[in-house]
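Q: structure here, sequence nowhere to be found:
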DNA sequence: CGGCGCCTACCCACTACTGGGTAGGCGGTT
DNA sequence: AACCGCCTACCCAGTAGTGGGTAGGCGCCG
């Protein structure tokens, strides 16, 4: 059905390796055309505005701009463009958040390339695509449950926490009382349903907080 | 110089995406021949024994077998095979550890594909290759400094710690006293020069401990 | 056999984090 | 104006982790 006009795709990932690899693989399929790639969400947006792709594949774990924020930008500038999130891990909160913000698909990076092609075809046809592990997460969660990502301040605290700082150091960095940092931390834990510090840090790293190189 | 006989390469990575992508990219170079790929270190070893490649590219962040352990296995079975480590982050201790265990190269995944080709050519020619960020790390460190990776037990403890477990839970998992787990944790911190739990977890995740999907 | 490294385990005082509150100020919405 | 969400900040009792020891048992190597 899509043999006549190829599906235009833009790829965004901060790993050139993944980018070039994905492009090389996708270009072996005649019905898919990679019209642009980018290493940052913002440059990706520029590329997409110029090329008007049907589908954008974007890594959720990006340095400057979180995946969720990126979805909003893309949806605002290119409302007809379908967005597929790529993620290394199945960070539960962000799957639902992605969907709520308008992503049409969510696939884990440990998926086969065939499945990525299927995902592109499916969302280009106007439907949604979620890789196996992902749909489980979505089913677990009632739609009225807000899946509220964190507030700005909570985001700040979590980022510093993930970079290996103690409450006291975070308080100093943000010019806050230590007590306030603890309040934020408590709220984050409550929101995410995570009880240990270790779990918080895993969550932060998996979700693309934390520059990952301190 | 290598145009006549292509360099035989085996790729090992637990992300099919990276694997297929890397293969697709490398196959556009006539002097490089990908003779096999694998998603696990052990299956990779089997493939390598059958195909006798000149170079093995292996992800340091593998579920079952850590990158370092994998190097030892490969060196034991295939002493002439040159090994290049692929890593997502520049985990300082493990760069040196890789080199000490016999890796011929260490490249970060956020490197261009051209640089990967250069790395393959260089190690196949009998030299070593380290991507830019990596060589800095090596220079920082005196060769007599042991770069001692952790003991088996410390490795176990750190892995569980990174998966979000408390000392008590780790003690239960490993059938140890809580006090012993704390001793191990103290020793790990001393060895790595990391004081916070958060820092430990970052280290663990960056270094390819932690199954990354609990 | 003596030494060394590792694993195990405990003591102690101290500090940090936890999880439960409450609460004032601020800005935006109804 | 009343409400709500967010940011700020504190109280408290309890638990967990820190950092400094010591120490016995075990296996390996010279």
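A: Thanks, I have the structure now. These numbers come from a predicted model, not from an experiment. Numbering: from 1, shown residues only, chains lettered A, B, ... in the order given.
Q: which residues sit against stretch A:11-19?
A: Applying Cβ atoms under 8 Å, 6 or more residues apart in numbering or on different chains, the external contacts of stretch A:11-19 come out as A:22-23, A:26, A:34, A:36-41, A:44, A:56-59, A:61-63, A:70, A:86, A:109, B:17-18, B:21-22, B:88, B:109-113, B:116. Backbone N, C-alpha and C define where each C-beta goes, glycine included.
Q: and these, which are buried?
A: A:22-23, A:26, A:34, A:36-41, A:44, A:56-59, A:61-62, A:70, A:86, A:109, B:17-18, B:21-22, B:88, B:109-111, B:113, B:116 (16 or more other Cβ atoms under 10 Å in any protein chain shown).
Q: pretty sure residue A:128 sits against residue A:85.
A: No: contact criterion Cβ atoms under 8 Å: residue A:128 and residue A:85 do not qualify, at 11.3 Å.
Q: quick check: neighbours shared by those two?
A: residue A:105.
Q: comparing those two, which shows the higher neighbour count?
A: Regarding residue A:128 and residue A:85, a neighbour count based on other Cβ atoms under 10 Å in any protein chain shown identifies residue A:85 as having more, with 28 against 16.
Q: contact partners for the residue of chain A found nearest chain B?
A: Closest contact between chain A and chain B, by Cβ to the nearest Cβ, is at residue A:21 (1.4 Å). The contact partners of residue A:21, taken as Cβ under 8 Å, 6+ apart, are B:17, B:18, B:20, B:21, B:22, B:24, B:25, B:113.
Q: now it: which helix or strand?
A: Using DSSP states H and E, residue A:21 sits within helix A:16-26.
Q: do residue A:36 as well
A: Going by DSSP H and E, residue A:36 is part of strand A:32-38.
Q: surely residue A:77 meets residue A:46?
A: No: the pair formed by residue A:77 and residue A:46 falls short of the contact definition of Cβ under 8 Å, at 9.6 Å.
Q: what separation do you get for residue A:8 and DNA strand D?
A: Residue A:8 sits 37 Å away from DNA strand D, going by Cβ to the nearest atom of the strand, to the nearest Å.
Q: same deal with residue A:39?
A: Here residue A:39 is placed at a distance of 29 Å from DNA strand D (Cβ to the nearest atom of the strand).
Q: tell me, how many neighbours does the closest residue in space to that residue that isn't next to it in sequence end up with?
A: Ranked by Cβ to Cβ, 6 or more residues apart in numbering or on different chains and with sequence neighbours excluded, the top spatial neighbour of residue A:39 is residue A:14, at 5.1 Å. Other residues lying near residue A:14 total 19 when counted by other Cβ under 10 Å.
Q: does residue A:14 count as helix, strand or coil?
A: coil (DSSP: H, G, I helix; E, B strand; the rest coil).
Q: phi, psi of it?
A: phi -90, psi 0 (degrees, to the nearest 10).
Q: where do the helices sit along chain A?
A: Here chain A has its helices, by DSSP state H, at A:16-26, A:41-51, A:67-77, A:92-100, A:113-124, A:132-140, A:152-162, A:167-174, A:178-192, A:197-206.
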